Each structure stands twice: as C-alpha cells, then as structure tokens.
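Just to be clear, the model below is a prediction. Sequence and coordinates:
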Amino acid sequence: MKLLLPMALLALCAGPTQAAKLSPVEAALQKIDGATWLEHVTTLASDEFEGRAPGTHGETVTVDYLLQQFKRMGLEPGNPDGTYLQTVPMVGISSHPTLSYSKDGQVTPLKFGDDYVAWTARMEKKIEVGNSELVFVGYGVQAPEFQWDDYKGVDLKGKTLVMLINDPPVPDPKKPSQLDPAVFGGSTMSYYGRWTYKFEMAAKMGAAAALVVHETKAATYPWEVVRNSWDRENFTIKSKTPLPDFPAVPGWLQGDRARDLFKTAGQDFEALKKQAASRSFKPVPLGVKLNVTELNAWRELPSHNVVARIPGSDPQLKNEVILYTAHWDHFGIDESLPGTRTQQIFHGAQDNATGVAALLEIAKAYKALQVAPKRTIVFLLTTGEERGLLGAKYYARNPLYPLNKTLLDINLDSMNVWGRTRTVELRGMGKSTADAIVANIARGQGRAVRADSNTDQGTFYRGDQFELAKAGVPVIFLGKSVDFVGKPANYGRDKLLQYATQRYHTVNDVVDPKWDPRGAVEDIELLFQAGYQAAQGKDAPQWKEGAEFKR
C-alpha cells in the first residue's frame, strides 16, 4: 500500500500534464472507442430492433435510439425546422405476381421466389402485361462514349426486355485474356453494369417489363440475395407520376430458368451472351410471349432520415457543410422463414449497424473538440438504402443544406470487423482530390492507400454516397481491405467471400463474438480526421477532370 499510494498520486499528477500535450484532434480521437462502437452495433442488431425495416416498429425504436444518442451528446437538430428528422414520403408496395411465358401454345409457368422475382413501383391495384414480346437486349447498355448501343433504334414500347447483369466484357486487344480497361473500366463494374441502370433504360425505352438474368459470378451475389431483397414488401418514394427508375414490371430471372427460356425460344443462351459482348450486337426477338399479372396492395408511410449537426465556428465558412452519411435501415422480419423469431429477423449487424455505430463515434469525437470546426458538420442517417438508396435519393432532391455548399460526403457502410489492416482501400479512387486527404491520414497511421480490390462488384454505385455524387458532391467511401495484420495472405479474401455468400442480406448477418474492432476503430479515426481536415482546409475537395460526377 505504501508503494501503491505514491504511484497513484504520481499518475494523478502526471495525467493533466500529459493530456495537456495532446492536440485538440488527438484528444478528440481518444474518444473513439471500440467497445462503445461494438455496444452500439450489438444494440442496433438486437431482436428488439426487429431488423430496422422502414415503416415498422423497428424504425420507431431505431429512430428513438438515434435521437437519444444525438441529444445525449449535445448535438443540435440537423433539420433547419428545429427537429432531428427529415420526413421521407415512402410507399410500401406488396406485389403478388403470377408469371408465365408461352411459345406456339405451350405455356411455361414460373414459381415466384424460386424462379423469378417481380414487383412494381406504381400504386396500381392490378398490373397486367399480356402477350408481351420478349426481346433479348444483351447488356442493355447505351454508352455513346464507348460507341456502344445495345438497342440500335429498335422500337421496344410495350415489350419485355431480357437483359444481362454487369458490363459487356470487352477483351483487351493487346491482352485478349484480360478485359479492356478503356471500355467500361475493364474488370471494374461501371454504373452501366448495375441493375438500377438496366431498369432505368427499360423505362426510358417504353418497355412494359424487364427481366435481368441473374448469374452469381456476374452479379457478385447469390440468388438468395435477390429473393430476400425483392420477394416481399418493396418501397419507393411517393410520387404523383410513375418514377423514371422502373418500367411497370421490373424483375429478375434465375439463371437456370433463363437458359430454359432461351431453349424454348430455340436459342443458345451462351452463344447469344457471347454475341452481346460486341458493339455489333442487335436486339434479338425471342419469339416468346410473356404474361404477368400483379395484384398489389400498398400503404403510405412517412419514413425518416435522422439528422444532427455541429455548427461551424467560422463566421465566413459556417454555411459550408461536411456531410457524414450512414443508412440505418435493413430488411426487417420474414415470418415465413422456419425457426424461432430470432431466426426470422434480418439483424443487419455488419450492414449497416456497424456504419451507424461508426457515425455515432465520429459525432462524439467532434463534440469533444474544444473549438468546433470552421465549417458545419452534418450527420445524416438515412432510411431506405436497402430499397434503392431512397433516403439519400430524397435528400439529394430535397437537401436540407445547399448541395453547392456541401463540400464533401463521407459515407459509412459495412465497416471492417476482422482486425487491423496494412492498407486502406478507397472506392472511387482517382475521381476526386479527396483521395489525397485519405492518403495523408493513412500514411500517418502507417498504412498505404490503394484502389478498391473489389471493383468488379460495382460497390461505388451501391451506397448512399452515389446519390450525393450524382448531385455533384465529392465523396469518400472506404472499401474492404484484404491485407490484415498478423493474418495469412488469404484471410481477408476468405472473410469477404464468406460474408458475401453466407451472411450478406440474410438472417445470418449477426454480431460475431470473434469480431476484432481494432480495424473499425482505425478506419473511424481516419474518417473523423478526413472530415475535420476538409472542414478546416482552405481548398474544398473537387472532382477531377474526366470524373462522371464533375459539376
């Protein structure tokens, strides 16, 4: 005791002196805590939150929890109307489709969920697509910059388009075994490869329906992900007129059933798929008719983005904004699944309780600063990301802060849960000067920055930051590094593959006691510093020449 008491007194006396040596940013960084982050994740992914589906009790408890956290930290309401909420007028549509195709009087019915999924974004009690001609349009791409047009001026009004997922795989003329990096980014999936683009083009062409053919390798996720995403109540933003995002009936066709369809049409699926990888491809009528009847019920629901802010301290710069985003929603409950209620809940632990928890830790760090940043920091937790980036889409169309004054969006989605990494992977690397901010901070952490190693998945176009980027706002969005400290070379790849095939968008996305939060903490610290530097810096991040989002 005689030895311990002086040591305790010495530590007590040394504490303030040591703390005084810390810079304001270093002191704020100490507030970021892996244990607290994991507590938030565990809470948000618990049974009590019921999978956090918009318009359900799960949304109510989630929004209440987020409000409590912001108020406890002392953050101001982020909506200029004095509240923490931005109402997002959504419609939940439950579709009950029957689908078949016929040729020469032979009818082939398909089973909803197993063979296909189909839905609608229209508030119509009954939608019928009868005797609609099926036309194969290859990859469904119209890209003038690559001299590519899969439609070739063909009139497709009222017809049903059959389309391949991903970009056309164009061989490199110098290295035929590889894809040409000058066309659709080579092995990198561009926006032309995303299903959202395919359906937008079908609507633009006046098609009555569109079926995207699912193939696991090309889509980068299994059929189960498609079924879990679309075979239940689906959501859209309420609109007086049909949104230009979808034809009347969008859907997916399971890969083997697509091959059956092409065989019925007297066509070789693989041969047509090969033809579709050429600029000379032209739409191919299949000589098969599609019949779809959808009985729909809907409910209007006011879902919510949750928003808080820390006002800027500089009188001249406080009207400029650094935005942090993370989606709070997931897929709720599917009571048709076998097992206990716990086994029916899509807990969404990694996707995206981890990102929400990271945003809360970043907000806590900002609040710990002795002087607020020069520019205003806004924290936006969005709804409906899993249903088509709806909360972010609505915010981008109805911003609470002018987008031309929003200098940067930092999006947090599916954080690293497997430990420290030697590298930082940056999605969309090379598109904006924000890359340099990330690189400098990573270097200070002893890490290198590299481009996303999973660009074939088109992940840059699959998060909320995409809606802000389309509106002209530069973004930072981290990918999943596979270079883990103290782990075998294949450790990261194996973890990503396991997550993509066994957990992503399933009831298996739950908190794992083997998670190592140290990697998440490093990334959270990096993203806090990135936002802070942008908030303090003289020069705002800018899109680089050639970036598709340059204002």
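Arrived safely.

only C-alpha atoms for contact and neighbour calcs from this point on.
Will do.

mind giving me the domain split of this structure?
24-90+299-536, 91-298 (automatic domain parsing).

Quick one: end-to-end distance for the first one.
In domain 24-90+299-536, first residue to last residue: 13 Å (C-alpha to C-alpha, to the nearest Å).

Check the last one too.
Distance between the boundary residues of domain 91-298 (C-alpha to C-alpha) amounts to 7 Å.

can you tell me the average pLDDT over it?
The average pLDDT for domain 91-298 rounds to 94.

Run the chain-centre distance for it.
21 Å (C-alpha atoms, centre = their mean, to the nearest Å).

ok, now the longest one?
Relative to its parent chain, domain 24-90+299-536 has a centroid offset of 10 Å by C-alpha atoms, centre = their mean.

can you pull out the helices in the stretch 51-200 of the chain?
Along the stretch 51-200 of the chain, the stretches classed as helices by DSSP state H, counting those that start in this stretch are 57-73, 195-204.

Show me the one of the ones you listed that comes nearest residue 443.
Among the helices of the stretch 51-200 of the chain, the nearest to residue 443 by C-alpha to C-alpha is helix 57-73 (30.4 Å).

Could I get the buried residue list for the closest one?
Using 16 or more other C-alpha atoms under 10 Å as the test for burial, helix 57-73 gives 57-63, 66-67, 69-70, 73.

do the same with stretch 135-151
By neighbour count on 16+ other C-alpha under 10 Å, the buried set for stretch 135-151 is 135-142, 148-151.

quick one: contacts for the residue nearest to residue 430 when sequence neighbours are not counted?
Leaving aside its chain neighbours, residue 430 sits nearest to residue 544 (7.6 Å; criterion: C-alpha to C-alpha, 6 or more residues apart in numbering). Residue 544 makes contact with 430-433, 550 under the criterion C-alpha atoms under 8 Å, 6 or more residues apart in numbering.

And residue 544, how far from residue 463?
Distance from residue 544 to residue 463, by C-alpha to C-alpha: 21 Å.

thinking again about what came up before, and of the buried residues of helix 57-73, the nearest to residue 36?
In terms of C-alpha to C-alpha, no member of the buried residues of helix 57-73 lies closer to residue 36 than residue 69, at 12.1 Å.

With residue 493 as the reference, measure out to the residue nearest to that closest one when sequence neighbours are not counted.
Distances taken as C-alpha to C-alpha, 6+ apart place residue 360 nearest to residue 69, at 7.6 Å, with adjacent residues excluded. Distance of residue 360 to residue 493, given as C-alpha to C-alpha: 28 Å.

for residue 178, same thing?
On the measure of C-alpha to C-alpha, residue 178 and residue 493 end up 21 Å apart.

for residue 216, what are its contacts?
222-223.

so how far is residue 253 from it?
For residue 216 relative to residue 253 (C-alpha to C-alpha), the value is 12 Å.

swap in residue 224?
Taken as C-alpha to C-alpha, the span from residue 224 to residue 253 is 12 Å.

circling back to that earlier point, what does the helix or strand containing the residue nearest to residue 69 contact?
Element membership for residue 360, per DSSP states H and E: helix 354-367. Helix 354-367 has contacts (C-alpha under 8 Å, 6+ apart) with 28-33, 36-38, 40-41, 69-70, 73-75, 310, 324-328, 372, 379, 381, 412-415, 520, 524-525, 527-528.

residue boundaries of the strands in the stretch 51-200 of the chain?
Under the criterion DSSP state E, counting those that start in this stretch, the stretch 51-200 of the chain contains strands at 76-77, 85-103, 106-110, 116-118, 126-136, 142-143, 148-149, 160-164.

For the last one, which strands pair with it and how are they oriented?
The partner list of strand 160-164 in its sheet, established with DSSP bridges, is strand 126-136 (parallel), strand 209-214 (parallel).

Format the ones you listed as JSON lines; extra columns: distance to residue 52.
Shown next, in JSON lines, are these (distance: least, C-alpha to C-alpha, whole Å):
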{"stretch": "strand 126-136", "distance to residue 52": "29"}
{"stretch": "strand 209-214", "distance to residue 52": "27"}
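
Ranking these by mean neighbour count, which comes first?
Mean neighbour count (mean count of other C-alpha atoms under 10 Å) peaks for strand 209-214 among these, with a mean of 26.

Assumed residue 424 was part of a strand.
Yes: assessed with DSSP: H, G, I helix; E, B strand; the rest coil, residue 424 lies in a strand.

Contacts only, for the closest residue in space to it that isn't next to it in sequence.
Spatial nearest neighbour of residue 424, excluding adjacent residues (C-alpha to C-alpha, 6+ apart): residue 449 at 4.7 Å. Taking C-alpha under 8 Å, 6+ apart as the criterion, residue 449 is in contact with 423-426, 438-439, 442.

quick one: which of these is most hemmed in?
residue 424 (25 neighbours; other C-alpha atoms under 10 Å).

got a pLDDT number for it?
96.

I figured it hits residue 481, correct?
Yes: contact criterion C-alpha atoms under 8 Å: residue 424 and residue 481 qualify, at 6.0 Å.

What is the neighbour count of the closest residue to residue 53 other than its chain neighbours?
Spatial nearest neighbour of residue 53, excluding adjacent residues (C-alpha to C-alpha, 6+ apart): residue 332 at 4.4 Å. The local packing of residue 332 (other C-alpha under 10 Å) involves 23 other residues.

again, but for residue 421
Burial measure for residue 421: 25 neighbouring residues, criterion other C-alpha under 10 Å.

Quick check: the gap between residue 60 and residue 103.
Applying C-alpha to C-alpha to residue 60 and residue 103 gives a distance of 49 Å.

With residue 512 instead?
Taking C-alpha to C-alpha, one finds residue 512 at 50 Å from residue 103.

about what we covered before: flag every buried residue along the helix holding residue 360.
354-367.

Stretch 468-488 now?
So stretch 468-488, judged by 16+ other C-alpha under 10 Å, has buried residues 468-484.

Now, these that are in strands?
475-477 (DSSP state E).

of all the strands of the stretch 51-200 of the chain, which lies closest to residue 240?
strand 85-103 (11.7 Å).

Strand partners (parallel or antiparallel) of that closest one?
strand 106-110 (antiparallel), strand 234-237 (antiparallel), strand 284-310 (antiparallel).

List just the one of the ones you listed that sits closest to residue 272.
Of the strands paired with strand 85-103, nearest to residue 272 by C-alpha to C-alpha is strand 284-310, at 8.7 Å.

now the angle from that closest one to helix 57-73?
Counting by axes from the mean of the first three to the mean of the last three C-alpha atoms, to 10 degrees, strand 284-310 points 30 degrees away from the direction of helix 57-73.

So what touches stretch 338-349?
41-42, 44-47, 49-52, 330-337, 505-511.

mean confidence score for the strand or helix carrying the residue nearest to residue 424?
Element membership of residue 449 [criterion: DSSP H and E] is strand 448-451. Strand 448-451 shows a mean pLDDT of 94.

Ok, stretch 400-407 next?
Rounded mean pLDDT across stretch 400-407 is 98.

Pull out the buried members of the contacts of helix 354-367.
Among those, those classed as buried by 16+ other C-alpha under 10 Å are 28-29, 31-33, 37-38, 40-41, 69-70, 73, 75, 310, 324-328, 372, 379, 381, 412-415, 520, 524-525, 527-528.

For stretch 384-402, give me every contacting residue.
54, 79-80, 88, 229, 234-237, 304-305, 321, 327, 329-331, 382-383, 403, 463-465, 467-468, 471.

how about 6 Å then?
382-383, 464, 467 (C-alpha atoms under 6 Å, 6 or more residues apart in numbering).

so of the residues you listed, which ones are in strands?
Those of the contacts of stretch 384-402 lying in strands (DSSP E): residue 382.

ranking the contacts of stretch 384-402 by neighbours, who comes first?
residue 383 (33 neighbours).

And the residue nearest the centre of the protein?
The chain has residue 463 as the residue nearest its centroid, 2.5 Å off, counting by C-alpha atoms, centre = their mean.

No further questions, thank you.
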